[in-house]
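J.: output the structure for:
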Amino acid sequence: MLSLLYVLISGIALPIGGIQMQYLWRNQLGDVYSLGLGSAACLGAAAATMSGWCSLTIGSFVCTLICTFVCFFVTLRVSTQNLITFGILFGTFIGSLGTIVVTNAPDGDLLKQYYLWGAANFNMEGVTTWDIVFSLVLFTTGLAVAILAARALTRHFKGEIELTALHKALLLLSIMFLVTSSVSICGPIGFISLGVPNLSRIVCKSPDIRKHYLISGAMGVGLLLATYLVVKYVNFGIYLPVSATMAIIALPLMAILFIRK
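T.: Numbering: from 1, shown residues only. Alright, predicted model coming up:
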C-alpha cells in the first residue's frame, strides 16, 4: 500500500512542480531538476546514507532547501535564459559533490543502498514512519501553496503581472517541498517533471494552470502506475529502475505527440 501511495504522490508532485517551473520562468524547459533541486536531493541523501547523521528525507530536505535559497537569490539578478544555464551548471556542481561523497562510501552495503535509491524505486527500503510523516507534510504543504497561487501564476505566465521576489521565493519553496516529498523517499524520477507538463500543454491549449495541474497529475499517476506494474510484474527476472523504465515507456508517446503537433 505504501508503494502505491508514493506512486500517487510522485505522479502528482513532480508534474505539478514541473508545470509551476514552466509558468514561473515562462519557458517550456522549466523543470524541477533544472535548477539543481534533484542533484541537491541526491547530495543530501548520499551524505545521510554514508554518514548516518540523519534520515534520507531530512538529508534531502536540508540540501534541497539550501539549493532553493541559492536559486532564489540568483533569480533576482539574471534573466530566465541565463537562469536555466546557471541551473544546469549549478546542478552539475552539486552532482559532483555527491559523486565525491558516494565514491568514498565506508562500505559496499551503503553504496548499494544509495545506488538503488538513486536509480529510483518504490521498495521503501530503510524508510521510517517519521520519513513518511515528514514527506506527507511536505507534499500537502506544497500542493496547497500550488493551488492557492494558481491564479496569480497563470496571470504571470500570460504577462499580465510580474510576480514579486517574495512571491517567487514562496513558489520556489513550495516546489521544493513537492520535489522532496517524492525524491527523498523514492529517489530522483526523471522525465515526469519535464515531459508530462509539456504533454499536458500539447493536449490542452488553455493557459489556466489549474487545468494543467489536473491533466499533468492524471498523466503522471497513470504513467508512474504503468511503470510500477512493469517493474514489479514484467521485469524479465532483472532489476528495472523506475526512471529508466519510464523513459522507455514514455518517450515513444512523447515523440508521437510532438510529430503530430
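J.: now residue 152: how far from residue 77?
T.: 23 Å (Cβ to Cβ, to the nearest Å). In short, each C-beta sits where N, CA and C put it, glycine included.
J.: equivalent analysis for residue 120, please.
T.: In this structure, residue 120 lies at 34 Å from residue 77, with Cβ to Cβ as the measure.
J.: what is the burial count for residue 159?
T.: Summarising burial for residue 159: neighbours were counted as other Cβ atoms under 10 Å, giving 8.
J.: ok, residue 197 - contacts?
T.: With contacts defined as Cβ atoms under 8 Å, 6 or more residues apart in numbering, residue 197 is in contact with 15, 18-19, 22, 30, 212, 216.
J.: adding distance to residue 2, write those residues out as TSV.
T.: Written out in TSV, the entries for the contacts of residue 197 read as follows (distance: Cβ to Cβ, whole Å):
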residue	distance to residue 2
15	21
18	24
19	26
22	30
30	30
212	28
216	23
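J.: now flag whichever of these is closest to residue 4.
T.: residue 15 (17.5 Å; Cβ to Cβ).
J.: quick check: pLDDT value at that closest one.
T.: As summarised for this prediction, residue 15 has a pLDDT of 94.
J.: so it sits against residue 193, correct?
T.: Yes: in this structure residue 15 lies within contact range of residue 193 using Cβ atoms under 8 Å: 6.2 Å.
J.: just to revisit the earlier point, which of the contacts of residue 197 tops the neighbour count?
T.: When neighbours are counted by other Cβ under 10 Å, residue 15 leads the contacts of residue 197 with 32 neighbours.
J.: higher neighbour count, residue 120 and residue 77?
T.: residue 120 (22 against 9).
J.: next, work out how far apart the more buried one and residue 233 are.
T.: Shown here: residue 120 relative to residue 233, a distance of 17 Å by Cβ to Cβ.
J.: try residue 19
T.: When Cβ to Cβ is the yardstick, residue 19 and residue 233 sit 30 Å from each other.
J.: residue 238: how many residues sit nearby?
T.: Using other Cβ under 10 Å, residue 238 has 5 neighbouring residues.
J.: renumber starting at 875 from here on
T.: Sure thing, new numbering starts at 875, so read that last one as residue 1112.
J.: and it, what pLDDT?
T.: pLDDT, residue 1112: 79.
J.: could you look up the SS state of it?
T.: coil (DSSP: H, G, I helix; E, B strand; the rest coil).
J.: keeping just the C-alphas, turn the lowest-mean-pLDDT helix or strand in the chain into CSV.
T.: Within the chain, judged by mean pLDDT, DSSP states H and E, the helix or strand with the poorest mean is helix 982-992; its value is a mean of 72. Extracted C-alpha coordinates of helix 982-992, given in CSV (Å, rounded to 0.1, in the frame of the first residue of the first chain):
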residue,chain,number,x,y,z
GLY,A,982,29.7,-1.6,-0.1
ASP,A,983,26.3,-2.1,1.5
LEU,A,984,25.8,1.6,1.9
LEU,A,985,27.0,2.2,-1.6
LYS,A,986,24.4,-0.4,-2.9
GLN,A,987,21.7,1.2,-0.8
TYR,A,988,22.4,4.6,-2.2
TYR,A,989,22.6,3.3,-5.8
LEU,A,990,19.3,1.5,-5.6
TRP,A,991,17.7,4.7,-4.2
GLY,A,992,19.3,6.8,-6.9
